[in-house]
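1. here's a sequence, model it:
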Amino acid sequence: MSSYKELLAQRELLDKQIKEAVMREKADGIAKAKLIIEQYDLTASDLFSRKAGARSSTGKVAPKYRNPSTGDTWTGRGKAPKWIEGRDRNNFLI
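-> Numbering: from 1, shown residues only. Okay, here's the model as predicted:
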């Protein structure tokens, strides 16, 4: 069985090897990507453009349900509040 100090030394060696492997593989990946970009004459907008149907931030959602006794509201998204759980939601529509 290895001692604590031996294990720490092994870990340091492994950490160094991992960093070197990451750097090597990253450089290889970048070289391959550059080759493909040049081969197909790609631009940044070809690679990183947003699709027409891409989801965008729309801000807050209007409430859809209201508790008549307290005035609390709920958008209908996420977990239902206790005041509407198990009840007909049509009765609470705004």
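2. going by C-alpha atoms from here, please, whenever you check contacts or count neighbours.
-> OK.
3. per-residue confidence averaged over stretch 40-47?
-> Taken as a whole, stretch 40-47 has an average pLDDT of 89.
4. start to end distance for that stretch?
-> Across stretch 40-47, the terminal residues are separated by 11 Å (CA to CA, to the nearest Å).
5. for residue 66, name its beta-bridge partners.
-> residue 73 (DSSP bridges).
6. just to check, residue 94 is in contact with residue 65?
-> Yes. Here residue 94 reaches residue 65: they are 5.4 Å apart, a contact under CA atoms under 8 Å.
7. more neighbours: those two, which one.
-> Using other CA atoms under 10 Å, the more surrounded residue of residue 94 and residue 65 is residue 65, with 19 against 12.
8. relative to residue 22, how far out is the more buried one?
-> Distance of residue 65 to residue 22, computed by CA to CA: 52 Å.
9. also residue 91?
-> Relative to residue 22, residue 91 is positioned 59 Å away (CA to CA).
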